[in-house]
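**Q** this one's sequence-less:
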């Protein structure tokens, strides 16, 4: 019985040693996990900032500079940059009444932008809000841009879709920059912002029309 008991004790000790490495690994793993968690963004704002930084880095690394060079300064550093001369257009859709009407309206939108610039050059305190709301109506503008966009194939739309987003954003920001309290003069900074938006819009419309030109 004593001999059997001794064997049992030895077996128990051996079993304990056999499990020791596993217990050490678990401790190490836990420590590494805690370290990783401590390094992660602790707030939603930090998470969004980290995500934005990662996205920006990926957009900077992926595109080929040769593609951007083909298309001037527009979209430099973006994988969606396309040369308008390589656009694939469905001639039948382009010739349709709806698309042709949209094409003419987009040209008119560009002329409206040019007209607003002339107005502000003549009178830097002019209220161009009514013109923006009437001649650059958000709903109509988006519908016309999308109608014209339907004439392009999916690959071409990777470039034109981005232009549409830029145009819509700049029109919204232009109207916001135009708003001024009664009796308060428009500052040089506010005027500079408006001219900047108008310049971007004029170029964006020109870039967009180049795909269908």
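**A** On my side now, so go ahead. Quantities reported herein were computed from a predicted structural model and do not represent experimental measurements.

**Q** so is residue 127 in a helix, a strand, or just coil?
**A** coil (DSSP: H, G, I helix; E, B strand; the rest coil).

**Q** Low-confidence stretches in this protein?
**A** 1-82 (pLDDT under 70).

**Q** try 90
**A** 1-87, 155, 158-159, 180-183, 211-213 (pLDDT under 90).

**Q** Can you give the domain ranges for it?
**A** In terms of domains, the chain is parsed into 2-63, 84-212 (source: automatic domain parsing).

**Q** okay, how far is it across the last one, tip to tip?
**A** Its start and end residues considered, domain 84-212 measures 8 Å (Cα to Cα, to the nearest Å).

**Q** separation between residue 93 and residue 184?
**A** 48 Å (Cβ to Cβ, to the nearest Å). From N, CA and C alone the C-beta is placed, and that goes for glycine too.

**Q** Those two: who's more crowded?
**A** When residue 93 and residue 184 are compared for neighbours, residue 93 comes out ahead with 14 against 8, by other Cβ atoms under 10 Å.

**Q** can you tell me which residues contact that one?
**A** Applying Cβ atoms under 8 Å, 6 or more residues apart in numbering, we find residue 93 in contact with 99, 150-151.

**Q** Next up, identify which helix or strand it is on.
**A** helix 91-94 (DSSP states H and E).

**Q** before we move on, what about residue 195?
**A** Under the assignment here (DSSP H and E), residue 195 is part of helix 188-212.

**Q** do residue 173 as well
**A** Using DSSP H and E, residue 173 falls in helix 154-178.

**Q** what's the angle from that helix to helix 188-212?
**A** An angle of 160 degrees separates the directions of helix 154-178 and helix 188-212 when computed by axes from the mean of the first three to the mean of the last three Cα atoms, to 10 degrees.

**Q** which non-adjacent residue is nearest residue 150?
**A** Of all residues not flanking residue 150 in the chain, residue 93 sits nearest, at 6.1 Å (Cβ to Cβ, 6 or more residues apart in numbering).

**Q** And the one you found, how close does it get to residue 131?
**A** Distance from residue 93 to residue 131, counting by Cβ to Cβ: 31 Å.

**Q** can you pull the buried residues of stretch 111-124?
**A** Buried residues in stretch 111-124, defined by neighbour count with 16 or more other Cβ atoms under 10 Å: 112-113, 116-117, 120.

**Q** Would you mind pulling the contact partners of it?
**A** Taking Cβ under 8 Å, 6+ apart as the rule, stretch 111-124 contacts 126, 128, 131-132, 135-136, 186, 191, 194-195, 198-199, 201-202, 205.

**Q** A strand includes residue 183, no?
**A** No - secondary structure of residue 183 (three-state DSSP): coil, not part of a strand.

**Q** if I pick it, what's in contact with it?
**A** Residue 183 neighbours (Cβ under 8 Å, 6+ apart): none.

**Q** ok, back up a step: the helix holding residue 173 packs against which elements?
**A** Packing contacts for helix 154-178, counted by 3 or more Cβ pairs under 8 Å, 6 or more residues apart in numbering; DSSP states H and E, involve helix 129-135, helix 138-149, helix 188-212.

**Q** closest to residue 157 out of the ones you listed?
**A** Closest to residue 157 of these is helix 138-149 (Cβ to Cβ; 6.1 Å).

**Q** Which elements pack onto the closest one?
**A** Judged by 3+ Cβ pairs under 8 Å, 6+ apart, the packing partners of helix 138-149 are helix 97-122, helix 154-178, helix 188-212.
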